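Asker: quick one: sequence and predicted model below, then my questions.
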Amino acid sequence: MEFPFVKMHGGANDFVVVDHRTPFLPEGDALQPLVARLCDRRRGVGGDGLLLIERDPECDFAMRYFNADGRPADYCGNGARCLARRAFDLGIGREGRVRFRTAVGIQEARSTTEGGIEVHFGVVAPASDVLAVEAAGRTFQGRLVRAGVPHFVVVVERVEWTPMGEWAPALRHHARFQPAGANVDFVAPLGAGRIAMRTWERGVEGETLACGSGAIATALAAAAEGAASPIVILTAGGDELRVTFRPVSGGHDVWLSGPAETVFSGAWAEHAPAVQE
């Protein structure tokens, strides 16, 4: 089996993107190892995850997302923005806007005047109260925000001083966040309306250079401390994501904007496994 793909990134959060409006990929247990092979940075295309653009009876398209380990995930903010860009490139949508279905609800996206993509996420519940979590031999103070997927947001003095490999896995797998665990964001204020962020993501089981849902979580954790909209998130890759929000019943109505670019296109040749005699 051979099929086309494009490689995209949203602020260096990178993805393998496949037009799957006419389904051809395997489902169930057979899909997970294929996704993992595609996302392998040594033996595959390489990426933080796989995005599928699929048909939907009511919306312009449906989004399906899989983490780099091959497991499905409910949402990816930068992935949603990249898939909207891909939809525009495929001639989907009207007047620079698309409406699409995700596992966490229907969303909309548009092209921005700066050349990026803005996605209207919808309503996100308020950040939790400050939680004290003991891990890696210390106590972390943070807020839990579910921006499609759960994020534990911890304020630190400087993100570049954070020992990600020591602290993040201990928090990601902490009993407080079971059974699925949580993504972990270490953040540091940079001045009015600007926050530096580093994220450790489930499914990647490592640091990613940007995280859209993490940017939303970081902004809403800051809002719980009195910060005003909009908030600019400086990612580990050096790009900026902008989170705009307004209070509504049930939390905050949220928009996420930033770069979403196609890097290259290609074709993946999937060979059948060798038969053991």
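Answerer: Structure received. Since the structure is predicted, the reported quantities are computational estimates derived from the model, not experimental observations.

Asker: now the residue nearest the centre of the chain. Its backbone dihedrals?
Answerer: Geometric centre of the chain, nearest residue: C76, 3.0 Å, by CA atoms, centre = their mean. Here is the backbone geometry of C76 (degrees, to the nearest 10): phi -150, psi 120.

Asker: now do the contacts for it.
Answerer: N13, F15, G49, L51, Y65, G148, V149, G212, S213 (CB atoms under 8 Å, 6 or more residues apart in numbering). Heads up, the C-betas are built off the backbone N, CA and C, glycines and all.

Asker: narrow those to those in helices?
Answerer: The members of the contacts of C76 that map onto helices under DSSP state H are G212, S213.

Asker: distance to L83 and pLDDT for the contacts of C76 - can I get that in CSV?
Answerer: Output for these, formatted as CSV (distance: CB to CB, whole Å; pLDDT from 0 to 100):
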residue, distance to L83, pLDDT
N13, 12, 96
F15, 8, 98
G49, 11, 96
L51, 5, 98
Y65, 8, 97
G148, 14, 93
V149, 16, 94
G212, 11, 96
S213, 14, 97
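
Asker: from E261, how far off is the nearest residue to I92 once chain neighbours are set aside?
Answerer: Leaving aside its sequence neighbours, I92 sits nearest to D60 (CB to CB, 6 or more residues apart in numbering; 5.2 Å). Computed as CB to CB, to the nearest Å, the D60 to E261 distance reads 20 Å.

Asker: who has more neighbours out of these two?
Answerer: The neighbour comparison of D60 against E261 (other CB atoms under 10 Å) goes to D60, with 19 against 16.

Asker: okay, the more buried one: pLDDT?
Answerer: We have a pLDDT of 97 for D60.

Asker: what helices and strands are in contact with the host helix or strand of V153?
Answerer: V153 is located in strand 149-155, with elements delineated by DSSP states H and E. Packing contacts for strand 149-155, counted by 3 or more CB pairs under 8 Å, 6 or more residues apart in numbering; DSSP states H and E, involve strand 138-147, strand 183-191, helix 212-224.

Asker: what lines up beside it in the sheet?
Answerer: Note on strand 149-155: by DSSP bridges, its sheet partners are strand 138-147 (antiparallel), strand 183-191 (parallel).

Asker: put the alpha carbons of the first helix or strand past it going along the chain into PDB.
Answerer: For strand 149-155, the following helix or strand on the C-terminal side (DSSP H and E) is helix 164-172. Extracted in PDB, the C-alpha atoms of helix 164-172 (Å, rounded to 0.1, in the frame of the first residue of the first chain):
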ATOM      1  CA  MET A 164      12.100  18.400  32.100                       C
ATOM      2  CA  GLY A 165      13.300  14.800  32.000                       C
ATOM      3  CA  GLU A 166      13.200  14.600  35.900                       C
ATOM      4  CA  TRP A 167      10.100  16.600  36.800                       C
ATOM      5  CA  ALA A 168       7.700  16.200  33.900                       C
ATOM      6  CA  PRO A 169       7.400  12.300  33.700                       C
ATOM      7  CA  ALA A 170       6.800  12.200  37.500                       C
ATOM      8  CA  LEU A 171       3.900  14.600  37.100                       C
ATOM      9  CA  ARG A 172       2.600  13.200  33.900                       C
END
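
Asker: what does helix 164-172 contact?
Answerer: Residues from elsewhere that reach helix 164-172 (CB under 8 Å, 6+ apart): 133, 135-136, 140, 152, 154, 177, 181-184, 186, 198, 200, 202, 205, 207.

Asker: isn't the residue nearest to I92 right up against R101?
Answerer: No - in this structure, D60 is not within contact of R101 by CB atoms under 8 Å, at 9.1 Å.

Asker: which residues do those two both contact?
Answerer: Here D60 and R101 have no joint contacts, going by CB under 8 Å, 6+ apart.

Asker: which pLDDT does the model give N78?
Answerer: 97.

Asker: just give the nearest non-adjacent residue to it, would you?
Answerer: Of all residues not flanking N78 in the chain, G10 sits nearest, at 3.2 Å (CB to CB, 6+ apart).

Asker: just G93 next, same as before
Answerer: Excluding the flanking residues, the one nearest G93 by CB to CB, 6+ apart is D60, at 5.3 Å.
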